[in-house]
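K.L.:
Turn this into a structure:
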Amino acid sequence: MSYKKHRNMYLDIIKIISENLLSTIHFSFLLVILLFSNTVLATPILTIWSSHQNRDLLTIMTNKYKENHDVKVSVVQLDPSEIKAEILLSAQDGGLPDLVVIPSDFLGLHQMMDLSAIPRDWYQEKLSSMVRSTVKLQGKYWGIPLIQGNFLLLYYNKKYVTHPATDFEDIILEKKQFLAKNIMPMGWNYNDMYYFMPFLSAFNGWPITNGNITLNIPAMVKALKYYHLLAEQGIVNRDCDYRCSQLDFVNDKSAYSINGDWAYHDLKMMLGDNLGVALLPKVKGKTMHPMASTFVLAVPNYTLKSKEKKQLIKDFSEFVQQQNNQRAVYEKTQLLPISIAYYRQLKSKAEGDSLVMFDQMALTRAMPSTLNMAISWQAIVIGFQRYQAGATAVYAAAHMQKMAMEQIQKLDNN
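P.N.:
Predicted coordinates:
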């Protein structure tokens, strides 16, 4: 029997008792009974923090869940650049929600975020090796994958571009014609190192190799120099952040944009038929490999929850994995599903922009979810800032490695 039917049955019983005993039971005592029943049978609340830019991802799932469950779902949307710090700080004072929707690379910080391991029997879908690698650490699972992808690709405005460039060298050659129209050739969140990673990959570099941090390598030096060159030549505005670059693109102020698959729905809504989608350009003939990850549902402090809340969390976690819910999300957002069967079905029928998405996904490399990757991110940011401030690329790469190793040593000592 559903919760709602139980609630109605108890209220009917109380009503009958009140009618039969009203003459003998004091009204204030009856009021206490009614208040107590409403407290015991209060609608449960599920609290969720989310950092995914496309709010439809969670809205679709929570609305479908509420259709057949007597539950309130409170969703707090946090800025992607702030949610990591918010979770880490809240873990210290016990202020975490029931669930968090986060990029899978956050899972490397599961201990500091007070995340609980996910029981294996909660997984309703068979996971691909790539998806599994994003949530499994040290033999345990730490998140329920919601969607996969989270990768970068090339967008272009068909007003200015007929045939998208396949190499950055082509864009450099076309620079003058864009500047003559008072538009930037390209735009992206230049100082976010997630956007730097495809350039590093083009020079055969990667931040983690065989589980170890590998930042002080020739590929890092070459990638830093090339990345810097693009800004120096006016291909991209180094001072433009995510919001700035996206606004420039949708307002016809840049011909190309590097952005994520998560932005496709919003860009399509704003640019309509003028939006073009293509693979990331090569770097002097070398293929770029953007990072790919999953967005996951993670559970803070599960063991501290009440029995009823534990069941609610488990039930919702299993619900979001159902293929019909993944289908609803994909049809609205174009975010790639984690279901192997549904993913293959979509890929076999893909065409146009959707086909480009699947082709770009095939060129991605899984972003490690380890603690070493979390440490690498911070070290790369610091080294990049030193390079921007005037240090050599060789020094910046060495400094990145040094910072990372020092941080690992601090953690080992603690």
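K.L.:
longest helix anywhere in this structure?
P.N.:
helix 393-413 (DSSP state H).
K.L.:
So which other helices or strands are in contact with it?
P.N.:
In terms of contacts (3 or more C-beta pairs under 8 Å, 6 or more residues apart in numbering; DSSP states H and E), helix 393-413 is packed against strand 212-213, helix 218-232, helix 371-388. (Glycine included, C-beta is placed from N, CA and C.)
K.L.:
which residues of the protein score low on pLDDT?
P.N.:
1-41 (pLDDT under 70).
K.L.:
Just give me the residue closest to the centre of it.
P.N.:
residue 103 (3.8 Å; C-alpha atoms, centre = their mean).
K.L.:
gap between that one and residue 292?
P.N.:
11 Å (C-beta to C-beta, to the nearest Å).
K.L.:
go on, residue 335?
P.N.:
Going from residue 335 to residue 292 by C-beta to C-beta gives 12 Å.
K.L.:
Now do the shared contacts for these two.
P.N.:
residue 149 (C-beta atoms under 8 Å, 6 or more residues apart in numbering).
K.L.:
quick one, strands of the stretch 201-350 of the chain?
P.N.:
Using DSSP state E, counting those that start in this stretch, the strands of the stretch 201-350 of the chain run over 208-209, 212-213, 254-260, 275-278, 291-298.
K.L.:
Against residue 194, how distant is the residue nearest to the centre of the chain?
P.N.:
Separation of residue 103 from residue 194 (C-beta to C-beta) stands at 10 Å.
K.L.:
Could you do residue 327 as well?
P.N.:
28 Å.
K.L.:
who has more neighbours, the two?
P.N.:
residue 194 (20 against 15; other C-beta atoms under 10 Å).
K.L.:
any idea how far the closest residue to that one other than its chain neighbours is from residue 192?
P.N.:
Distances taken as C-beta to C-beta, 6 or more residues apart in numbering place residue 291 nearest to residue 194, at 6.7 Å, with adjacent residues excluded. The gap separating residue 291 from residue 192 is 12 Å, by C-beta to C-beta.
K.L.:
Would you mind telling me which of these two has the busier surroundings?
P.N.:
For residue 291 versus residue 192, the count of surrounding residues by other C-beta under 10 Å is larger for residue 291: 22 against 15.
K.L.:
Just to check, that one is in contact with residue 151?
P.N.:
Yes: contact criterion C-beta atoms under 8 Å: residue 291 and residue 151 qualify, at 6.6 Å.
K.L.:
which residues do those two both contact?
P.N.:
residue 364.
K.L.:
Surely residue 185 is in contact with residue 253?
P.N.:
No: counting by C-beta under 8 Å, residue 253 is not a contact partner of residue 185; they are 11.0 Å apart.
K.L.:
So those two - more neighbours on which side?
P.N.:
Per other C-beta under 10 Å, whichever of residue 185 and residue 253 has more neighbours is residue 185, with 25 against 17.
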